[in-house]
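[1] Requesting a structural model of the entry that follows:
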Amino acid sequence: MRRISTFLALGCALMATSIAYSQPSAGAKYVALGSSFAAGPGVPEPLGNCGRSDSNYANLVANALDLSLTDVSCNGATTDNIRHTPQNGAPPQIEAVTADTMLVTVTIGGNDINYTSSTFACAGTGTGERCTANLDQAEISGAVSQLPNKLGATIDAIRANAPGAAIVLVTYPRVFPVDAVSCGELELSAEDTNYLAALGQTLEDIFVSVTESKNILIADSYVLAAGHGPCAADVSERWVNGNLVASSGIRYHPTAESHEAMAGLVLEALAGN
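    As a prediction, this is how the structure comes out:
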């Protein structure tokens with residue numbers, strides 16, 4: 001864990017101090033839920049299927065706290081795949097959360113609203129194609145309106161299965177920096193960039209709102225995005241890739257450095273609590 005200690009000093013992205021959980025003790029059961037942004041595809045080294053990496057943020061947290069990790073995160077997962085819908089022959093992720101679970105981390109929701117798939121679809125298209133304008137924006141808008149309830153129901157399901165667990169919602173790192181329209185690494189038109197950036201901001205806003213309403217912890221790398229976007233001059237400071245992979249990870253997904261940052265924020269959320 002080369003730089004986790006650096007992120008332990010970052011307190012601006014954490015939860016209200018009124019939240020009270022016990023930090024898991026060594027050997028406690030820890031379950032990681034989520035989609036590819038949790039699994040870590042392209043981050044060395046791969047573990048089995050679903051794009052999981054042995055250096056994703058869940059493994060870094062488990063190693064730092066000496067926890068017994070069950071990682072069921074999976075590429076393409078939605079909130080339904082956590083709560084009730086099998087994926088890739090595996091049962092719903094929630095089945096891994098049992099009464100003896102003491103820590104649960106969650107990164108989910110982007111696939112519910114076609115966030116990354118829309119980015120994939122529009123990357124590299126010409127300005128005249130108006131790619132995002134041709135997406136089913138009504139369907140996406142409907143999915144966005146449903147996501148707060150789906151994410152809240154996911155938290156409720158975790159609490160029902162593991163009443164004593166600390167729950168940390170880990171946000172999606174910010175793919176589209178403030179100056180995203182000038183970031184050539186994204187390979188998107190200005191119109192498409194603005195639409196997708198707004199979708200990413202909406203996802204962040206929903207995470208923050210659900211964290212507050214459900215009184216859980218948050219590890220928010222999104223708000224620490226300055227200098228860590230896909231166009232950061234120093235490749236080692238990039239927390240997300242653009243349309244090309246700079247060092248690790250896959251397109252429009254977290255790098256190894258991002259997983260270190262997210263792990264550090266999870267650890268600080270738990271320690272600050």
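[2] ok, and what's touching stretch 130-148?
    With CB atoms under 8 Å, 6 or more residues apart in numbering as the test, stretch 130-148 has contacts from 79, 109, 112-114, 118, 121-122, 125, 189, 191-192, 195-196, 199, 202-203, 206, 209-210. Glycine gets a C-beta too; all of them are placed from N, C-alpha and C.
[3] Okay, and Leu69 sits in which element?
    Assigned by DSSP states H and E, Leu69 falls within strand 68-71.
[4] Could you pull out the buried residues of that strand?
    Using 16 or more other CB atoms under 10 Å as the burial criterion, the residues of strand 68-71 that qualify are 68-71.
[5] Make JSON lines from these and add distance to Thr255 to it.
    Rendered in JSON lines, the data for these read as follows (distance: CB to CB, whole Å):
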{"residue": "Ser68", "distance to Thr255": "27"}
{"residue": "Leu69", "distance to Thr255": "21"}
{"residue": "Thr70", "distance to Thr255": "24"}
{"residue": "Asp71", "distance to Thr255": "19"}
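[6] of those, closest to Ala39?
    Nearest to Ala39 among those is Asp71, at 7.7 Å by CB to CB.
[7] Just grab the bridge partners of the closest residue to that closest one other than its chain neighbours for me.
    Spatial nearest neighbour of Asp71, chain neighbours left out: Ala32 (4.4 Å); criterion: CB to CB, 6 or more residues apart in numbering. In this entry, Ala32 is beta-bridged to Asp71, Thr105, by DSSP bridges.
[8] Distance of Ala32 relative to Val178?
    As judged by CB to CB, to the nearest Å, Ala32 and Val178 stand 30 Å apart.
[9] So between those two, which is more surrounded?
    Legend: neighbour count by other CB atoms under 10 Å for Ala32 and Val178, higher for Ala32 (28 against 12).
[10] before we move on, back to that, okay but the residue nearest to Asp71 is in contact with Thr105, surely?
    Yes: contact status for Ala32 versus Thr105: in contact at 5.2 Å, counting by CB atoms under 8 Å.
[11] Give the residues shared as contacts by those two.
    Common contacts of Ala32 and Thr105 (CB under 8 Å, 6+ apart): 38, 58.
[12] And the buried residues of strand 68-71, which is closest to Val170?
    Nearest to Val170 out of the buried residues of strand 68-71 is Asp71 (CB to CB; 12.9 Å).
[13] thought that closest one was touching Asp54?
    No: Asp71 is not in contact with Asp54 according to CB under 8 Å; the separation is 9.3 Å.
[14] okay, the buried residues of strand 68-71 in a markdown table with pLDDT and distance to Ala58 next?
    Compiled in a markdown table, these are given as follows (pLDDT from 0 to 100; distance: CB to CB, whole Å):
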| residue | pLDDT | distance to Ala58 |
| --- | --- | --- |
| Ser68 | 98 | 12 |
| Leu69 | 98 | 6 |
| Thr70 | 98 | 9 |
| Asp71 | 98 | 5 |
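[15] Where do the strands of the chain begin and end?
    Secondary structure of the chain (DSSP state E): strands at 29-34, 68-71, 101-107, 166-170, 217-219.
[16] Just the mean pLDDT for the third one, thanks.
    This points to strand 101-107. Here strand 101-107 scores 98 as its mean pLDDT.
[17] what does it rub up against?
    Strand 101-107 has contacts (CB under 8 Å, 6+ apart) with 22, 24-25, 28-35, 37-38, 57-58, 61, 67, 73, 82, 97, 154-155, 158, 161-162, 164-172, 219, 266, 270.
[18] repeat for stretch 149-167
    21-24, 31, 33, 79-80, 82-83, 94, 97-106, 108-109, 112, 169, 206-207, 210, 213-214, 216-217, 270, 273.
[19] hmm, try it at 7 Å
    With contact meaning CB atoms under 7 Å, 6 or more residues apart in numbering, stretch 149-167 is reached by 21, 24, 79, 82-83, 94, 97-99, 101-104, 106, 108-109, 112, 206, 210, 213-214, 216-217, 270.
[20] In this structure Gln56 contacts Gly40, no?
    Actually, residue 56 is Asn. It isn't Gln. Yes: counting by CB atoms under 7 Å, Asn56 does reach Gly40; the two are 3.2 Å apart.
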